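Novice: here are the coordinates; sequence isn't available:
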C-alpha cells in the first residue's frame, strides 16, 4: 500500500532543541528509507516539514511509523496520512474495457 505522509511542524524547536533532536531524527528517517518503508521523501516548499511516499502494509503501520520519529515523539511535528493508488479511471481508455 502506498501512503503519502505530510509532515507539519507545529512549534519549531529552538536551535538548542534542534541540536538534540536532529541527530536522532535524520538516522531514524534514513533507516526507514533503507528498510523500504519510506520510498521517496521531499522537503516542503510552502512551510517547514517533509512529505514521505511510504510503502507500508496499512494506514495503521504508516501511523505507527511516523509517530515513532523523534520530531513527533518530542511534540514538534504531526503527520497527515493519505492512502493513494493507481489512477483507476485510466482503465476506461484501454480498448475493450
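Specialist: It's in. What you are looking at is a predicted structure, and each value in this text was computed from that prediction instead of being measured.

Novice: number of residues surrounding residue 39?
Specialist: Using other CB atoms under 10 Å, residue 39 is surrounded by 14 other residues. C-beta coordinates here come from the backbone N, C-alpha and C atoms, glycine included.

Novice: confirm it sits in a strand?
Specialist: Yes. With DSSP: H, G, I helix; E, B strand; the rest coil as the criterion, residue 39 is part of a strand.

Novice: ok, now which ones touch it?
Specialist: 2, 33, 52, 53, 54, 55 (CB atoms under 8 Å, 6 or more residues apart in numbering).

Novice: tell me where the protein has strands.
Specialist: 2-9, 38-43, 50-55, 77-84 (DSSP state E).

Novice: possible to save those strands as a markdown table with mean pLDDT?
Specialist: Putting the strands of the chain into a markdown table (pLDDT from 0 to 100) gives the following:
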| stretch | mean pLDDT |
| --- | --- |
| strand 2-9 | 98 |
| strand 38-43 | 97 |
| strand 50-55 | 98 |
| strand 77-84 | 98 |
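
Novice: as TSV, those with distance to residue 17 would be great.
Specialist: What follows is those, written out as TSV (distance: least, CB to CB, whole Å):
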stretch	distance to residue 17
strand 2-9	12
strand 38-43	19
strand 50-55	17
strand 77-84	12
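
Novice: any idea which of the ones you listed gets closest to residue 25?
Specialist: Among those, strand 77-84 comes nearest to residue 25, with 8.9 Å by CB to CB.

Novice: can you tell me which of the strands of the chain is most buried?
Specialist: strand 50-55 (a mean of 19; mean count of other CB atoms under 10 Å).

Novice: tell me the angle it makes with strand 38-43.
Specialist: Strand 50-55 runs at 170 degrees relative to strand 38-43, counting by axes from the mean of the first three to the mean of the last three CA atoms, to 10 degrees.

Novice: contacts for strand 50-55, please.
Specialist: Contacting residues not belonging to strand 50-55 are listed as 1-7, 29, 36-44, 62, 65-66 [CB under 8 Å, 6+ apart].

Novice: go again with 7 Å.
Specialist: 2-7, 36-44, 62 (CB atoms under 7 Å, 6 or more residues apart in numbering).

Novice: in its sheet, what does it sit against?
Specialist: Looking at strand 50-55 with DSSP bridges, its partner strands are strand 2-9 (antiparallel), strand 38-43 (antiparallel).
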